[in-house]
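Novice: structure, please.
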Amino acid sequence: MHMSNRCHRKAFTLVELLVVIGVIAILIALLLPAVQQAREAARRSKCTNNLKQIGIAIHNYHDVHNSLPFGVGGIASGRRLLQPPTGWQALILPQLEQTAIYNEINFEVAHTDNHFTYGNISQDHVVNSYHCPSATIFRSVSSSENDAYTMHYYGVTGPVGASITGATYDSNNTSHAHGGMAMQGMFHTRGEKLRFRDVTDGLSSTFTIGELSWDDAGVYRHWLRGSEVTTPGGTNAGPTPGVKNIEYAINLFQLGAGSADFNSVSFGSNHVGGANFLFGDGSVTFLSENIDLGTYKSLASINGGEVAAAQ
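Specialist: Modelled structure (predicted):
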């Protein structure tokens, strides 16, 4: 009798299957953080590059106009003292190769004017250089702004609230409506032309732009919107979305600060441990949230005479 040879294959037991699943789970647990870290490193690198591009655009603007773009506009005493309300973020669009968007903006009207329609301008446009890829909020929560796109980089107007030179509100200046802005930094109101030569503390030791991209929808405003300042030299006026004071430490969330304190909401980001800052010389540095507060504020003034370096 011919007997066939049968191949007997041993199947996985339940215990072996569970062991394999456990090993796979461990490998995923080990690899996933590395993948996430690699992705965040790429996003942080893109954020750094965004600021570098903004820095180049600001320098090119300075070359063309022999001054920095103004940071803040607004309305004062019932008349258009500092029109337009849009600031540096709109003015440097041609230098960012965004001339098409720039040409759509009517710089002769206030953002509250009926002719200044967000939906016809920036709601349909995204300026990628103004967005940090690590941020999760890309649209304004303000109903008056038609859910328009936000920005994650703000001009530094100077330090406030510390006993260092220049670290006070410019409350005695009644010639312009500063709206609680420090006015000792790189960005001033329209009509106050600032040149790089005015930065006596040194361009490599002075902030130009800071990152504000952490997850609190209340701190964001439409990127095209300028200031809504109403009180000359005042400290309690409308928000100025394109610029910020430096008053609090990095990543010190000031939730619910309200309009009066909007200008001093802390710079911060979703990058672990700090935020990116653009300096006057065009360099970008990631600053730790643990940087000495006095040093941090010193880097925000253009002519305070402090000896400070980024840490």
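
Novice: burial count for residue 274?
Specialist: A count of nearby residues for residue 274, using other C-beta atoms under 10 Å, gives 20. C-beta here means a position set from N, CA and C on the backbone, and glycine is covered the same way.

Novice: does it really touch residue 267, like I thought?
Specialist: No - using C-beta atoms under 8 Å, residue 274 is not in contact with residue 267; the gap is 9.5 Å.

Novice: for those two, list the residues in contact with both.
Specialist: residue 250 (C-beta atoms under 8 Å, 6 or more residues apart in numbering).

Novice: for stretch 289-296, give the mean pLDDT please.
Specialist: Mean pLDDT, stretch 289-296: 91.

Novice: buried set for that stretch?
Specialist: Residues 289, 291, 293, 295, 296 are the ones in stretch 289-296 that count as buried (16 or more other C-beta atoms under 10 Å).

Novice: narrow those residues to those in strands?
Specialist: The members of the buried residues of stretch 289-296 all map outside strands under DSSP state E.

Novice: quick one, strands of this structure?
Specialist: Using DSSP E, strands in the chain cover 74-76, 79-82, 153-159, 207-211, 243-246, 274-279, 284-288.

Novice: helices or strands up against the fifth one?
Specialist: Using 3 or more C-beta pairs under 8 Å, 6 or more residues apart in numbering; DSSP states H and E, the elements in contact with strand 243-246 are strand 153-159, strand 207-211.

Novice: got JSON lines for those, with mean pLDDT and distance to residue 250 too?
Specialist: Shown next, in JSON lines, are those (pLDDT from 0 to 100; distance: least, C-beta to C-beta, whole Å):
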{"stretch": "strand 153-159", "mean pLDDT": "88", "distance to residue 250": "12"}
{"stretch": "strand 207-211", "mean pLDDT": "95", "distance to residue 250": "9"}
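
Novice: for this protein, which helix is longest?
Specialist: Ordering each helix of the chain by length in residues (DSSP state H) puts helix 14-65 first.
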